[in-house]
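Novice: Dropping a prediction and its sequence here:
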Amino acid sequence: SEKTTEQAATTKPFSFKLLKTEGMARRGEITTPHGKVRTPAFMPVGTQATVKAMYPQQVRDLGADVVLGNTYHLMLRPTAERIAKLGGLHKFMGWDHTILTDSGGFQVMSLSGLRKMTEEGVTFSSHHDGSKHFMSPERSVEIQGLLGSDIQMQLDECIALPAERSEVERAMQLSLRWAERSRNQFESMGGPQKGQGLYGIVQGGDVPDLRIESAQRLGELPMEGYSVGGLAVGEPQAVMLKMLEITTPAMPNDKPRYLMGVGTPEDILESVARGIDQFDCVMPTRAGRHGLAYTRFGKVNLKNARHSEDPRPLDEESQCEAASKYSRAYLHHLVRVNEGLGAMLLTWNNLAYYQYLMQGIRDAIDEGRFEEFRQQTKEDWARGDL
Ligand SMILES: Nc1nc(=O)c2cc3nc(NCCN4CCCCC4)[nH]c3cc2[nH]1
């Protein structure tokens, strides 16, 4: 359709500006059709078009520039076609900032039953009602386009670790072929012209030479960013960090790097130090629903009876009222009697802490003191919750 001059002018291309580096740590800024993303960034998970127990404005007020949606879940319920008919995912969920969507490969492998994986794609049955579905690289990108996703993921195959080298290599090679098919579909749908981005996903398990091969060959494809996949799948933290030390140097330096599914505050801090720009994890939200609070001085399990008469808030210096206004005794009570407000307040606290940590990381890199910040933060966590 003929674009008006004004429209053409506003659809800026997807871009990433590398603002500052300190060792492998990077401070940057991504521009998408729905605004800017300050990196390093933590992306709250909004799997079924909601960040659980949070209002969208609340998530925004905590400083999140981007939330994550899931192709697998949304294609099953309410379907991508219905969301498209209603104006797309941003309008549907009331989030007017950047949305990143995962492609569904990981969720199919971890959630659905009865799967059949071929070169063409994967056939699977819904974990809700057993209905049959098919997902190919092309269909996954089509769904993400229907959702109106600003940052889309290629369809890939993520395998659990430990695994045989032959199995790791097979899945890595398949994911590379699917990267190319995903790119072709993305371009045929005019993704670049809409200012959207498609990320390739590096695989290769815990096998150094396969990781390097995957990163180098993926880097030859014109992607707007690159994810590190196949990690946080049960391997020890030391193995994950070692694989990052091998993988990020082999990835394009001028494009965002997204470590999928990571992680705890410590995982994030250590991964920033190894060249990662974007993170997502269900940890802060899921832990909040299970009574666990993240604070500047480590974790506090509000289920524990030791909090039953503690009048102190979680952190009286926090800008977030969930941390500064309610006693631990009250939070303990809410968790013990399983009141909804308990999940709401702890989710709010946890996302506030994660964004506080990310802001601290960004400021530290801006000011050339990231290494000092990293050491001090780890000491604070080790101090424990006095
Ligand atoms: N398309 C795609 N490819 C991946 O290789 C991938 C790898 C991933 N690894 C994780 N780990 C999630 C770990 N999470 C930690 C907290 C409790 C629930 C599981 N999520 C992932 C998502 C992924 N998505």
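Specialist: The structure has been received and is ready for your questions. Numbering: from 1, shown residues only.

Novice: Around the ligand, pick out the residues from the stretch 1-150 of the chain.
Specialist: 102-103, 105-106 (Cβ under 6 Å from any ligand atom). C-beta here means a position set from N, CA and C on the backbone, and glycine is covered the same way.

Novice: Go through these and single out the one with the most neighbours.
Specialist: Tallying neighbours with other Cβ atoms under 10 Å puts S103 at the head of these, with 30 neighbours.

Novice: isn't it right next to S149, touching?
Specialist: No. Using Cβ atoms under 8 Å, S103 makes no contact with S149, being 9.9 Å away.

Novice: what about the residue nearest to E245 when sequence neighbours are not counted, how many neighbours?
Specialist: Counting by Cβ to Cβ, 6 or more residues apart in numbering, E245 lies nearest to R274, which is 5.7 Å off, once chain neighbours are set aside. With neighbours defined by other Cβ under 10 Å, the count for R274 comes to 22.

Novice: ditto for N304
Specialist: Neighbour number of N304 under other Cβ under 10 Å is 12.

Novice: which residues touch it?
Specialist: Contact analysis of N304 by Cβ atoms under 8 Å, 6 or more residues apart in numbering lists H332.

Novice: quick one: G360 from the ligand, how far?
Specialist: According to Cβ to the nearest ligand atom, to the nearest Å, G360 stands 22 Å off from the ligand.

Novice: what comes up buried for the strand or helix carrying that residue?
Specialist: In the assignment (DSSP states H and E), G360 maps to helix 340-366. Residues 342-358, 360-362, 364-365 are the ones in helix 340-366 that count as buried (16 or more other Cβ atoms under 10 Å).

Novice: Whatever helix or strand comes next after that helix packs against which elements?
Specialist: Following helix 340-366 in sequence order, the next helix or strand is helix 370-383 (DSSP H and E). Helices and strands touching helix 370-383, as assessed by 3 or more Cβ pairs under 8 Å, 6 or more residues apart in numbering; DSSP states H and E, comprise helix 265-272, strand 298-301, helix 340-366.

Novice: ok, residues contacting the shortest one?
Specialist: Okay, so that is strand 298-301. 291-293, 307, 314, 328, 380-385.

Novice: So for A9, what's the pLDDT?
Specialist: pLDDT for A9: 45.

Novice: Spatially nearest residue to Q237 (excluding sequence neighbours)?
Specialist: That would be D267: by Cβ to Cβ, 6+ apart, it lies 6.5 Å from Q237.

Novice: ok, now which ones touch the one you found?
Specialist: Each residue near D267 by Cβ under 8 Å, 6+ apart is listed here: 232, 237, 240, 281.

Novice: Now, those that are in strands?
Specialist: Of those, the ones assigned to strands by DSSP state E are C281.

Novice: picking that back up, list just the nearest of the residues of the stretch 1-150 of the chain next to the ligand to the ligand.
Specialist: For those, the closest approach to the ligand (Cβ to the nearest ligand atom) belongs to F106, at 3.4 Å.

Novice: ok, C281 touching V45?
Specialist: Yes. Using Cβ under 8 Å, C281 is in contact with V45, at 6.9 Å.

Novice: The two: which has the busier surroundings?
Specialist: Counted by other Cβ under 10 Å, C281 and V45 do not tie: C281 has more neighbours, with 24 against 21.

Novice: List the beta-bridge partners for the more buried one.
Specialist: Counting by DSSP bridges, C281 is bridged to P44.

Novice: Roughly how far does it sit from the ligand?
Specialist: 6 Å.

Novice: dump the residue contacts of that residue.
Specialist: 42, 45, 232, 261-264, 267.

Novice: tell me which residues in stretch 166-174 are buried?
Specialist: 168-169, 171-174.

Novice: Of these, which belong to helices?
Specialist: Applying DSSP state H to these, the entries found in helices are 168-169, 171-174.

Novice: Tell me the one of those nearest the ligand?
Specialist: A171 (9.4 Å).

Novice: With adjacent residues omitted, what lies nearest to the closest one?
Specialist: In space, A171 is closest to E157, 4.3 Å off (Cβ to Cβ, 6+ apart).

Novice: And the contacts of stretch 373-381?
Specialist: 265-266, 269-270, 273, 296-298, 357, 360-361, 364.

Novice: Stretch 86-93 now?
Specialist: 34, 46, 49-50, 56, 69, 74, 83, 95-96, 99, 101, 146-149.

Novice: Show me these that map onto strands.
Specialist: 69, 99, 101.

Novice: out of the residues you listed, which one sits closest to K303?
Specialist: G69 (30.2 Å; Cβ to Cβ).

Novice: my guess is that closest one contacts A49, does it?
Specialist: Yes. Contact criterion Cβ under 8 Å: G69 and A49 qualify, at 6.4 Å.

Novice: who's more crowded, the two?
Specialist: G69 (26 against 20).

Novice: Skip the chain neighbours and tell me the closest residue to the more buried one.
Specialist: Using Cβ to Cβ, 6+ apart, the closest residue to G69 is T101 (4.7 Å).

Novice: And G28, by the same measure?
Specialist: Spatial nearest neighbour of G28, excluding adjacent residues (Cβ to Cβ, 6+ apart): T39 at 4.4 Å.

Novice: how much space between the spatially most central residue of the chain and Q359?
Specialist: A centroid search over the chain (Cα atoms, centre = their mean) returns D280, at 2.4 Å, as the residue closest to the centre. Taking Cβ to Cβ, to the nearest Å as the measure, D280 falls 17 Å from Q359.

Novice: I'd like to check which residues are in contact with the residue of the stretch 101-250 of the chain at minimum distance from the ligand.
Specialist: Proximity to the ligand, evaluated over the stretch 101-250 of the chain using Cβ to the nearest ligand atom, is greatest for G229 at 2.4 Å. Neighbour list for G229: 106, 156, 158, 175, 201-203, 260 [criterion: Cβ under 8 Å, 6+ apart].
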